[in-house]
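A structural model of the following input is requested.
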Amino acid sequence: MLEQIFLHQKQHSLRLRKESLAARVEFLTTLERSIENNTENIVAALKQDFKKPEAETLLTEIYPVLKEIQYVKKKLKRWARPEKVARSLMLATAKSYIYKEPRGVCLIIGPWNYPFQLMITPLISALAAGNCAILKPSEFTNHTSRLIAKIIHDCFSENHVTVIQGGAETTQELLKFPFDHIFFTGSTRVGKIVMEAASRHLSSVTLELGGKSPTIVDSSANIEIAAEKIAWAKFVNASQTCIAPDYILVEQQVYERFKMALIKKIKDFYGHSSLEQKNSPDYAQIISTQHTLRLKSLIEDAVKRNAEIGYGGDVDQEQRFVSPTLLEKVDLNSDVMKEEIFGPLLPLISFQNLNEAIHFINERPKPLALYMYSHSRLNIDEVLQSTSAGGVCINDSVIHFSHHGLPFGGVQESGLGSYHGVYGFKAFSHEKPVLIQSAWGKFMRLVYPPYTSFKIDIIRKLVRWKI
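Presented below is the predicted three-dimensional model:
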């Protein structure tokens with residue numbers, strides 16, 4: 001069955017590449033209308049999957065997708081236009097262009113943490129570039145995955161876009177096919193498996209991975225505002241966010257003040273007690289019992305290694321609840337400092353000077369995001385110049401993801417390639433160089449064999465003059 005779907009899409013992709021831009025826009029419009037008509041169903045599905053608050057679903061799942069469609073439709077004509085390239089003296093009689101052609105049949109593998117947005121946003125880019133696509137949503141979010149399958153079925157023929165549901169074994173089967181491009185969002189561990197599978201067919205890949213995204217708070221920062229922004233960015237979606245702050249490096253002289261401000265904001269957002277937070281309509285569940293137990297073990301391992309729970313620390317396995325938790329005096333060899341946390345646990349680490357914080361970050365794999373709260377231009381420049389990350393926010397967190405003009409992606413272990421806006425269009429396009437020689441283009445005869453002394457002299461001059 002899977003092979004048949006793939007082969008049918010392969011044939012359809014050859015016809016689709018000849019479709020007009022107007023047809024691509026119509027595909028996007030059809031998808032847009034279906035999402036708008038299913039807004040309440042999307043909210044309900046995510047609430048069933050992991051008690052995601054309505055406001056968070058609207059803000060982080062539906063709104064970004066609709067804005068992306070709107071932006072792509074507005075810009076597509078300009079992006080798809082053949083790009084004229086300046087003539088070179090050596091090829092003065094020829095015209096050169098870069099054509100953006102569809103890659104063909106694309107596999108998009110989505111995660112469970114933002115199961116709607118991170119499945120549909122890359123699809124928007126794939127459609128804009130003129131591709132066919134097979135979508136593989138997460139098996140952890142069954143209600144959302146089934147709804148995505150229904151929306152796609154209502155909007156597209158199976159030869160154009162289809163959804164394949166199933167577990168890890170289904171993903172492994174799909175990875176056996178020679179896709180023209182594979183777009184994967186998920187963990188670094190699985191990203192390596194996807195890249196290895198893609199290498200068998202030399203399929204191009206975009207890997208949107210994760211990692212431990214650090215946050216620096218120095219003594220020049222506005223502590224109350226920093227605490228508010230970090231509390232929201234960390235605990236939205238119960239911190240099941242690839243670009244959530246993973247640990248906080250706080251300058252020693254403002255450490256206690258920042259900690260107390262952060263605790264205050266957590267209480268303001270979700271309630272003053274663990275019970276209030278568990279029953280809060282504004283705080284999501286952990287995706288599964290398995291993931292809840294993993295987070296519990298991270299807390300236990302940290303405490304076993306003499307870490308202190310500065311706030312929170314409560315776990316209810318049955319309710320898949322982990323309270324917003326601050327960890328202090330954490331052993332750097334503990335699991336919570338070696339693994340991507342992907343949950344509402346936040347280690348706080350003090351530093352004496354900025355170089356110490358920079359060294360701490362550079363000792364670890366390059367993160368997907370880096371955040372800094374500071375009003376020192378000198379400190380900001382030093383961090384930007386001395387560290388590497390997929391993206392950076394200064395005096396804010398997470399929101400760079402929503403800017404259509406910025407590429408979103410990681411570096412090395414945190415990802416490969418980028419998307420959003422024009423960068424998504426490029427990820428799903430092949431930039432094909434095209435040179436059109438004129439009838440006057442006979443100059444190259446001067447360097448064809450036989451290589452007489454006159455021709456060798458001309459070639460030497462070309463080398464010397466670099467024309």
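
keeping just the C-alphas, turn stretch 143-160 into PDB.
In PDB, the C-alpha atoms belonging to stretch 143-160 read as follows (Å, rounded to 0.1, in the frame of the first residue of the first chain):
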ATOM      1  CA  HIS A 143      -7.000  12.800  18.200                       C
ATOM      2  CA  THR A 144      -4.900  15.500  16.500                       C
ATOM      3  CA  SER A 145      -3.400  13.000  14.000                       C
ATOM      4  CA  ARG A 146      -6.800  11.700  13.000                       C
ATOM      5  CA  LEU A 147      -8.100  15.300  12.600                       C
ATOM      6  CA  ILE A 148      -5.100  16.200  10.400                       C
ATOM      7  CA  ALA A 149      -5.800  13.100   8.200                       C
ATOM      8  CA  LYS A 150      -9.500  14.200   7.800                       C
ATOM      9  CA  ILE A 151      -8.500  17.800   6.900                       C
ATOM     10  CA  ILE A 152      -5.900  16.600   4.300                       C
ATOM     11  CA  HIS A 153      -8.400  14.100   2.900                       C
ATOM     12  CA  ASP A 154     -11.000  16.800   2.400                       C
ATOM     13  CA  CYS A 155      -8.500  19.200   0.800                       C
ATOM     14  CA  PHE A 156      -6.300  17.000  -1.500                       C
ATOM     15  CA  SER A 157      -6.300  13.900  -3.600                       C
ATOM     16  CA  GLU A 158      -4.200  11.100  -2.200                       C
ATOM     17  CA  ASN A 159      -1.800  11.500  -5.200                       C
ATOM     18  CA  HIS A 160      -1.100  15.000  -4.100                       C
END
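
what about that stretch, distance to the chain center?
Chain-centre distance of stretch 143-160: 22 Å, with CA atoms, centre = their mean, to the nearest Å.

ok, residues contacting that stretch?
Here stretch 143-160 makes contact (CB atoms under 8 Å, 6 or more residues apart in numbering) with 5, 8-9, 11-12, 16, 27, 30-31, 34-35, 38, 41-42, 44-46, 48-49, 115-116, 119-120, 132-133, 135, 137-139, 161-163, 165. Every C-beta, even on glycine, is put in place using the N, C-alpha and C of the backbone.

kindly export stretch 361-373 (C-alpha atoms) in PDB.
C-alpha atoms of stretch 361-373 as PDB (Å, rounded to 0.1, in the frame of the first residue of the first chain):
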ATOM      1  CA  ILE A 361      27.600  27.100  26.800                       C
ATOM      2  CA  ASN A 362      30.500  26.400  24.500                       C
ATOM      3  CA  GLU A 363      31.500  23.200  26.300                       C
ATOM      4  CA  ARG A 364      28.100  21.700  25.300                       C
ATOM      5  CA  PRO A 365      26.600  20.900  21.900                       C
ATOM      6  CA  LYS A 366      25.300  23.900  19.900                       C
ATOM      7  CA  PRO A 367      21.700  24.700  21.000                       C
ATOM      8  CA  LEU A 368      18.600  25.300  18.900                       C
ATOM      9  CA  ALA A 369      18.100  28.600  20.600                       C
ATOM     10  CA  LEU A 370      20.000  30.900  23.000                       C
ATOM     11  CA  TYR A 371      18.400  33.700  25.000                       C
ATOM     12  CA  MET A 372      20.000  36.600  26.800                       C
ATOM     13  CA  TYR A 373      18.500  39.200  29.100                       C
END
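
what segments of the stretch 301-450 of the chain are helices?
354-362, 377-386, 421-427 (DSSP state H, counting those that start in this stretch).

same question for the first one: list its buried residues.
Neighbour counts using 16 or more other CB atoms under 10 Å place 354, 357-358, 360-361 of helix 354-362 among the buried residues.

mind checking which of the contacts of stretch 143-160 land in helices?
Secondary structure from DSSP state H places 5, 8-9, 11-12, 16, 27, 30-31, 34-35, 41-42, 44-46, 48-49, 119-120 of the contacts of stretch 143-160 in helices.

can I get the buried part of these as one ChimeraX selection?
Buried residues within the ones in helices among the contacts of stretch 143-160, by 16+ other CB under 10 Å, are selected in ChimeraX with:
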select :5,8,9,12,16,27,31,35,42,44,45,46,49,119,120
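
coming back round to it: turn the buried residues of helix 354-362 into a markdown table, columns for distance to residue 259 and pLDDT.
Output for the buried residues of helix 354-362, formatted as a markdown table (distance: CB to CB, whole Å; pLDDT from 0 to 100):
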| residue | distance to residue 259 | pLDDT |
| --- | --- | --- |
| 354 | 19 | 97 |
| 357 | 17 | 98 |
| 358 | 22 | 98 |
| 360 | 18 | 97 |
| 361 | 20 | 98 |
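
adding distance to residue 94, write these out as JSON lines.
Below are these laid out as JSON lines (distance: CB to CB, whole Å):
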{"residue": "354", "distance to residue 94": "53"}
{"residue": "357", "distance to residue 94": "53"}
{"residue": "358", "distance to residue 94": "49"}
{"residue": "360", "distance to residue 94": "54"}
{"residue": "361", "distance to residue 94": "48"}
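
which one of those residues sits closest to residue 200?
Nearest to residue 200 among those: residue 361, at 35.1 Å, using CB to CB.

identify the residues contacting the closest one.
Residue 361 neighbours (CB under 8 Å, 6+ apart): 214, 249, 367, 370, 387.

quick one: pLDDT of residue 438?
Looking at residue 438, its pLDDT is 89.

need the pLDDT of the closest residue to it other than its chain neighbours.
Nearest residue to residue 438, sequence neighbours excluded (CB to CB, 6 or more residues apart in numbering): residue 93, at 4.7 Å. What the model reports for residue 93 is a pLDDT of 87.

tell me the buried residues in stretch 257-276?
Here stretch 257-276 shows 258-259, 261-263, 265-267, 269-271, 274 as buried, counting by 16+ other CB under 10 Å.

so what are the domain limits for this protein?
Domain assignment for the chain by automatic domain parsing gives 2-209+416-430, 214-404.

can you redo the ones you listed as JSON lines with distance to residue 456?
Below are the domains of the chain laid out as JSON lines (distance: least, CB to CB, whole Å):
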{"stretch": "domain 2-209+416-430", "distance to residue 456": "17"}
{"stretch": "domain 214-404", "distance to residue 456": "47"}
